[in-house]
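# Below is the sequence, then the predicted model.
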Amino acid sequence: MPLALRVAVVEGARIDLARAVLAIREGENEPDFGLPEIPVPPEQDEEDDKLRAAIEEILSNFGPDELKPAEQRCRRIRSLAEGKGDSSLTTIIDKQFTPSQVQEFEKQPDRLCRSIWVFLNARQTFEDAESFYFARQFRDYGRMYDAFEVELEKAAALDAASVDETALAARITKVLQLKTNCTVKALDLPPTESHPTSIMLIVRHGGPLSSVHDHRDDGRRGTIYFRPPNEAILIYTPSLRQIEVCADSQVVRQEVAGSFAEISLGHNVSEKPLTWKHYNLSRFRSSLRLEAPRIDGYEIKFARVLEAEIRLGNWKRKLLLKVAVEDDIEEVAETFLKPNNIFRRADGFSRISIAVAYNREGDDKERTLNITISGTKSCNLQSNKDPEERNLGFALLKEWGILSAFEQIDTTDICALFPCLVRLHDRTDDKLNGAQLRELGLDPERLIRGGLLERCGRQDIIMLEDDGLDWEAEVKPSATKGMVRTVGPFGEAGAMMPSSDMELYAINRPYLHETLLVTVKPLLTRNGTVFIDPDLTLAGTMSIDGADRPVYLARRLDDVNVIGNLDLALRSRHRAGAGVVLSSSAEAPICLGPNVVVPLLSNLSSGGTESVILRNGIELAYRSNKSLALGGSTPQIIRSGKQLATLHVPGKHPLSLAGNEQITIFERLVETYNRGSPDMQVKDLMDGFTSRSPQQAFRSKMWASIVNVYLGLGAKRGYWRLLT
């Protein structure tokens, strides 16, 4: 039996509550455990132990997959019975429960029983507490979290009661183009040691329509269509003028934040867009010292780091070094933590506090400014009431290379960058260096400000070629500004290279993907994003010849393994009819499943149209190759590269083939069929190959989908034929 079930519920909770939560069935596929009835808690310990043993014995007769739903419920209950989960539950209960409910809640013997009682009797309150619990941690979620700053004249006096939940839900439903209405719930958050008084909004909405295959009890297969529940959590802190949003989509985070700013704060986002700032603290790995830069209108006396906090492995473990303003924190670190101190090897800085001494030009009054950066997206400057000090602080952070501000890339720039973004999207690796970006024609600084790239250090090792041999070289600093030097494996001096070429960047995959989907939308008559595979997305439908055709966005169609996976996925969706696959790859098969493949880069408009993608080109490619997508009139193999080809058989969906062996096998079968003698002996079919059976040329999953569909055994033993 799973540990969480046994320890957290069966052994840890009062027996009647344990039995009640384990007896819940939230779907027809969940088993009925047949647990014994327990009308009241037993008074005798001996009876209690017998009941627990009986429940454990019953549960031990069920498999892990049958226990999984109950196990997940137990994990949720336990998460709100420990540490911050318990305090999150108590906070929400104080806001939502009536006095009689609070009294009943407090009657429960311990934290686990209280969590179970709320789960059983107030499920909505339990789910709100879960959202609050996650909100307290989402600053560590990285790619799921954004913080926006609102440039208000004064902090808005706002609480949960003054939030128009209905109007806000309507706006979010509209801007996200949701097929179903969303709901908004506002809650006041009390101040804590780390955070001021805030307001939390829980935005619950339906995700893109999806489906799964279901094997029914009667042995038949069916398809279950469902709309997964999605959630965005927004926290507004009036004193900081900061909106924090956690959601799995960057577009959702931006639109939810913008809707809240307009509806609840009265802020005109079109005139004054929300500001998104990213703080890069990696510079402090090499040195904790800061120079005093030149800022127009100010004289900077000194800037010193007073606090540096790093994470040790995970967010629960921290190490803080704190010094007085007269101390040199670099010397303190080297003296007490040794030259190779842990700050040089830190996974990441979670907090940096900087003291700045300055005076304004023409003013002899000495002033001080404190700047505290927490993580990558939070800084105390936004709560500074003096606009001049705020501007000075942000200017200093830019000079030190710590701050980069988000500037949403407008539609015109997206259209200009579109070919380069398509090539970036088609890359296999999520990381690339400055030289590779330059080859793609992209400016890393612009993409960083636009949220499409993130800095992630510098290359330490590169591969160089000399006389046809590849060898590793270390990247070292050089005395020449803007250049680095390379050192070979035996210490020999190598070439000098621009340091900008060695900078590493990480692609913000989700946001880049969403940006490309936005450019596809003008083509569509109906939007309906469905993520089928990491390399394949259904964008919606497009009207061609009076009918709606499915439109997919695919990447990496020059990879034989990707082609095989996506071909299987699209052939299983044949009921949608023949459609269009927009490919970010320049080389791709003509068809994929019952769909025509159209390379994006060969169908770009020259400007002046509603879309960066040429609609007429898409329609022409579809009409030209539709018959092939539906099988053609005669069996044929069409090559689209040395290792790529497509089999077309009348009445069947096209089959993508990858690799010389797969292609040659079907070329021989097609040739034999078209000569009028369909059967071919296996030794002739596999002539020239090490394998002795066509099955060995295909992966097991693909073979299972094509045997007895595209090829099968001939009339005689040892023969194969093409099936038509």
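Structure received.

# what about the residue nearest to residue 596 when sequence neighbours are not counted, how many residues close to it?
The shortest distance from residue 596 to any residue other than its chain neighbours is 4.4 Å, reached at residue 625 (C-beta to C-beta, 6 or more residues apart in numbering). No exception for glycine: its C-beta is placed from N, CA and C like everyone else's. When neighbours are defined as other C-beta atoms under 10 Å, residue 625 has 22 of them.

# on contacts alone, who are the packing partners of the helix or strand hosting residue 625?
According to DSSP states H and E, residue 625 maps onto helix 615-629. If you count contacts as 3 or more C-beta pairs under 8 Å, 6 or more residues apart in numbering; DSSP states H and E, helix 615-629 packs onto strand 536-544, strand 579-583, strand 595-599.

# quick one: buried residues of the next helix or strand after it?
Next along the chain after helix 615-629, taking DSSP H and E as the criterion, comes strand 636-639. Neighbour counts using 16 or more other C-beta atoms under 10 Å place 636-638 of strand 636-639 among the buried residues.

# Sort out which one of these lies nearest residue 698 for me.
Closest approach to residue 698 among these (C-beta to C-beta): residue 637, at 15.6 Å.

# Which residues are in contact with the residue lying closest to residue 301 once chain neighbours are set aside?
Distance criterion C-beta to C-beta, 6+ apart; nearest residue to residue 301, sequence neighbours excluded, is residue 357 at 4.0 Å. Applying C-beta atoms under 8 Å, 6 or more residues apart in numbering, we find residue 357 in contact with 300-303, 366-368.

# What about residue 357? Give its phi and psi, please.
phi -110, psi 130 (degrees, to the nearest 10).

# Any figure for the gap between it and residue 568?
66 Å (C-beta to C-beta, to the nearest Å).

# follow-up on the earlier one: just send the helices and strands packed on helix 615-629 back as CSV, with mean pLDDT too.
Shown next, in CSV, are the helices and strands packed on helix 615-629 (pLDDT from 0 to 100):
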stretch, mean pLDDT
strand 536-544, 87
strand 579-583, 89
strand 595-599, 88
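
# closest one to residue 324 among these?
Of all those, it is strand 536-544 that lies closest to residue 324, at 55.1 Å by C-beta to C-beta.

# buried set for that closest one?
536-542, 544.

# List the contacts of residue 679.
Per C-beta under 8 Å, 6+ apart, neighbours of residue 679: 672, 714-716, 719-721.

# and the closest residue to it other than its chain neighbours, how many residues sit next to it?
If the residues on either side of it in the chain are set aside, residue 679 comes closest to residue 714, at 3.5 Å by C-beta to C-beta, 6+ apart. By the criterion of other C-beta under 10 Å, residue 714 has 17 neighbours.

# And for residue 266?
As a measure of burial, residue 266 has 9 neighbours, counting by other C-beta under 10 Å.

# For the remainder of this discussion, apply numbering that starts at 885.
Got it, the first residue is 885 from now on, which makes the last one we talked about residue 1150.

# Okay, and it sits in which element?
Residue-wise, residue 1150 maps onto no helix or strand under DSSP H and E.

# could you measure it against residue 1338, distance?
For residue 1150, the distance to residue 1338 - C-beta to C-beta - is 33 Å.

# before we move on, back to that, columns distance to residue 1413 on top of the buried residues of strand 1420-1428, output as CSV?
Listed next are the buried residues of strand 1420-1428 as CSV, based on distance: C-beta to C-beta, whole Å:
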residue, distance to residue 1413
1420, 12
1421, 6
1422, 7
1423, 6
1424, 7
1425, 12
1426, 14
1428, 20
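
# Identify, from the residues you listed, the entry nearest to residue 1218.
residue 1421 (51.0 Å).

# Report the contact partners of that closest one.
1397, 1401, 1413-1415, 1436-1438.

# Dump the residues you listed to TSV, plus neighbour count.
As requested, the contacts of residue 1421 are exported to TSV (neighbours: other C-beta atoms under 10 Å):
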residue	neighbour count
1397	21
1401	17
1413	20
1414	17
1415	12
1436	27
1437	22
1438	26
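
# Quick one, grab the pLDDT at the residue nearest to residue 1480.
Residue 1509 carries a pLDDT value of 83.

# surely it meets residue 1473?
No. Using C-beta atoms under 8 Å, residue 1509 makes no contact with residue 1473, being 10.6 Å away.

# any idea how far residue 958 is from the closest residue in space to residue 1309 that isn't next to it in sequence?
Excluding the flanking residues, the one nearest residue 1309 by C-beta to C-beta, 6+ apart is residue 1468, at 5.0 Å. According to C-beta to C-beta, residue 1468 and residue 958 sit 43 Å apart.

# Out of those two, name the residue with the larger neighbour count.
Counted by other C-beta under 10 Å, residue 1468 and residue 958 do not tie: residue 958 has more neighbours, with 27 against 23.

# isn't there a strand covering that one?
No. Read with DSSP: H, G, I helix; E, B strand; the rest coil, residue 958 is helix and lies in no strand.

# quick one, phi/psi of residue 1060?
Per degrees, to the nearest 10, the backbone of residue 1060 is at phi -90, psi 0.

# quick check, nearest of the buried residues of strand 1520-1523 to residue 1030?
Using C-beta to C-beta, residue 1522 comes nearest to residue 1030 of those, at 46.1 Å.

# wait, what's in contact with that closest one?
Here residue 1522 is in contact with 1474, 1512, 1529-1530, 1532 (C-beta under 8 Å, 6+ apart).

# mind putting the helices and strands packed on helix 1499-1513 in a markdown table, distance to residue 1281 included?
Putting the helices and strands packed on helix 1499-1513 into a markdown table (distance: least, C-beta to C-beta, whole Å) gives the following:
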| stretch | distance to residue 1281 |
| --- | --- |
| strand 1420-1428 | 37 |
| strand 1463-1467 | 41 |
| strand 1479-1483 | 43 |
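
# between those, which gets nearest to residue 1192?
strand 1420-1428 (42.3 Å).

# where exactly do the helices run in the stretch 1435-1584 of the chain?
Secondary structure of the stretch 1435-1584 of the chain by DSSP state H, counting those that start in this stretch: the helices cover 1444-1455, 1499-1513, 1544-1558, 1566-1569, 1584-1590.

# Leaving aside the residues adjacent along the chain, what's closest to residue 1446?
residue 1440 (4.5 Å).

# need the contact list for that neighbour.
Counting by C-beta under 8 Å, 6+ apart, residue 1440 has contacts 1310, 1312, 1419, 1446, 1468-1469.

# can I get these in JSON lines with distance to residue 995?
JSON lines is the format used below for the contacts of residue 1440 (distance: C-beta to C-beta, whole Å):
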{"residue": "1310", "distance to residue 995": "51"}
{"residue": "1312", "distance to residue 995": "47"}
{"residue": "1419", "distance to residue 995": "45"}
{"residue": "1446", "distance to residue 995": "49"}
{"residue": "1468", "distance to residue 995": "51"}
{"residue": "1469", "distance to residue 995": "54"}
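
# If any of these are buried, give me the ChimeraX selection for them.
This is how ChimeraX selects the buried members of the contacts of residue 1440, with burial counted by 16+ other C-beta under 10 Å:
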select :1310,1419,1446,1468,1469
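
# which of the contacts of residue 1440 lies closest to residue 1236?
Closest to residue 1236, out of all of those and judged by C-beta to C-beta, is residue 1312, at 35.0 Å.

# Quick check: the closest residue in space to the closest one that isn't next to it in sequence vs residue 1449, distance?
In space, and not counting its chain neighbours, residue 1312 is closest to residue 1440: 6.4 Å by C-beta to C-beta, 6+ apart. Applying C-beta to C-beta, the value for residue 1440 to residue 1449 is 10 Å.
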